[in-house]
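Trainee: quick one: sequence plus predicted model below, questions after.
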Amino acid sequence: MTYKFAIVFVVVMIPFSSARADDTRETMEVEIEAGIDEVWAAFTTTDGLKSWVAPLVDIDFKVGGKWRANYNPNGKLGDETTIENTILSYDPKRMISLKATGFPKGFPFIEAAKGTWSVFYFSPVSESRTKITVVGLGYTDTEQSRKMRSFFKVANKHSFDQLNAALTGDTKRDSTK
């Protein structure tokens, strides 16, 4: 089975880091060519998420609300290929924390992912540029956790590039440089 888990950026967000495998934290920072209002809407509205996450997505943006995505355009939200995150907390236009609470069938890192959560921090750099800092927490030194981190380094870079492209229309820019 081929896994298209750039989507799992939403599920687990295992960002790039120089952290050791036994560290329980992973951190990634990127700057996006868009203002804070546009970036916030891309993370907190169904239309915003559809622009860069997956063809099928919805969000009930509230504490305890769900952020669901399905990368199968012929599927439906809630089927066995749906990814579900629960919103743990947020501070408008500053921070969102998520925990993966539903995994697609065949996802190879379920046990490792169950103990993780992610915090996204948003900081305006200028009126037209926003820094996003993602802190992934709860990682372990298990083999599955190490493999999951490696797998998502590529997927998460792709996800940020998709976000940047959706907000700027520039499909060639690498947001992680």
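Mentor: Received it, and whenever you're ready, just let me know what you need. Residues are numbered from 1 along each chain as shown.

Trainee: show me where this protein has its strands.
Mentor: 25-32, 56-59, 66-70, 83-91, 95-102, 117-126, 129-137 (DSSP state E).

Trainee: could you dump the ones you listed into a markdown table and include distance to residue 148?
Mentor: All C-beta atoms are positioned from the backbone trio N, CA, C, and that covers glycine. Listed next are the strands of the chain as a markdown table, based on distance: least, CB to CB, whole Å:
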| stretch | distance to residue 148 |
| --- | --- |
| strand 25-32 | 10 |
| strand 56-59 | 22 |
| strand 66-70 | 18 |
| strand 83-91 | 14 |
| strand 95-102 | 11 |
| strand 117-126 | 13 |
| strand 129-137 | 10 |
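
Trainee: closest one to residue 48 among these?
Mentor: Across those, residue 48 has its closest neighbour in strand 56-59 (8.4 Å, CB to CB).

Trainee: what is that closest one packed up against?
Mentor: For strand 56-59, the packing partners by 3 or more CB pairs under 8 Å, 6 or more residues apart in numbering; DSSP states H and E come out as helix 46-50, strand 66-70.
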